[in-house]
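Novice: using only what follows, build the 3D model:
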Amino acid sequence: MANILKEFKDFAMKGNVIDMAVGVIIGAAFGKIVSSLVDDIIMPLVGVATGGMNFTDYKWVIQKAVVDGQEIIKPEVTLNWGTWVQTVVDFLIVAFCIFVAIKFMNNLRKKKEEEPAPAPAPTKEEELLTEIRDLLRDRK
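Specialist: Numbering: from 1, shown residues only. Here you go, the predicted structure:
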């Protein structure tokens with residue numbers, strides 16, 4: 001049993017597992033940010049642009065509810081195509097936001113990589129050869 005616990009500890013403390021855990025946590029937080037962006041900023045603007053249209057209200061009734069007075073005997077059967085359209089629109093907006101964020105990060109990384117590295121200092125051998133070259137040039 002102690003051997004299994006030691007193996008599990010070694011596995012859990014590997015860099016890849018910890019990096020993955022950090023990535024999952026940051027991904028969840030980023031997901032909340034993007035969801036808030038979609039729900040609180042973008043969708044109200046889309047609602048204004050479409051005249052207050054809310055797709056979630058649209059459905060196709062396959063079978064009407066059976067009602068006896070106030071009691072629902074059999075609920076209505078519907079295809080909620082409006083909810084599906086709303087979900088697809090939400091997905092496209094989230095996917096676009098993630099695309100823009102990744103593109104922005106990749107551009108930052110490219111700019112950092114494009115910075116020229118400083119020229120390496122000449123080796124002792126190169127310095128000696130340079131001195132010999134200069135002495136030979138001055139001799140002529």
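
Novice: would you mind giving the domain segments of the protein?
Specialist: 1-51, 54-117 (automatic domain parsing).

Novice: and the ones you listed: which comes nearest residue 135?
Specialist: domain 54-117 (31.2 Å; CB to CB). The C-beta positions use only the backbone N, C-alpha and C, and glycine is treated the same way.

Novice: excluding its backbone neighbours, what's nearest the spatially most central residue of the chain?
Specialist: Residue closest to the mean C-alpha point of the chain, counted by CA atoms, centre = their mean, is residue 98 at 4.6 Å. Using CB to CB, 6 or more residues apart in numbering and skipping residues adjacent in sequence, the residue nearest residue 98 is residue 34, 6.7 Å away.

Novice: ok, so what distance separates the one you found from residue 101?
Specialist: 8 Å (CB to CB, to the nearest Å).

Novice: residue 139 now?
Specialist: In terms of CB to CB, residue 139 sits 64 Å off from residue 101.

Novice: equivalent analysis for residue 19, please.
Specialist: 19 Å.

Novice: please apply the same query to residue 82.
Specialist: Applying CB to CB to residue 82 and residue 101 gives a distance of 29 Å.

Novice: settle it for me: which of the two has more neighbours?
Specialist: residue 82 (16 against 13; other CB atoms under 10 Å).

Novice: buried residues, the helix or strand containing residue 23. List them.
Specialist: Using DSSP states H and E, residue 23 maps to helix 15-36. Going by neighbour count (16 or more other CB atoms under 10 Å), the buried part of helix 15-36 is residue 34.

Novice: what helices or strands is that helix leaning on?
Specialist: For helix 15-36, the packing partners by 3 or more CB pairs under 8 Å, 6 or more residues apart in numbering; DSSP states H and E come out as helix 81-114.
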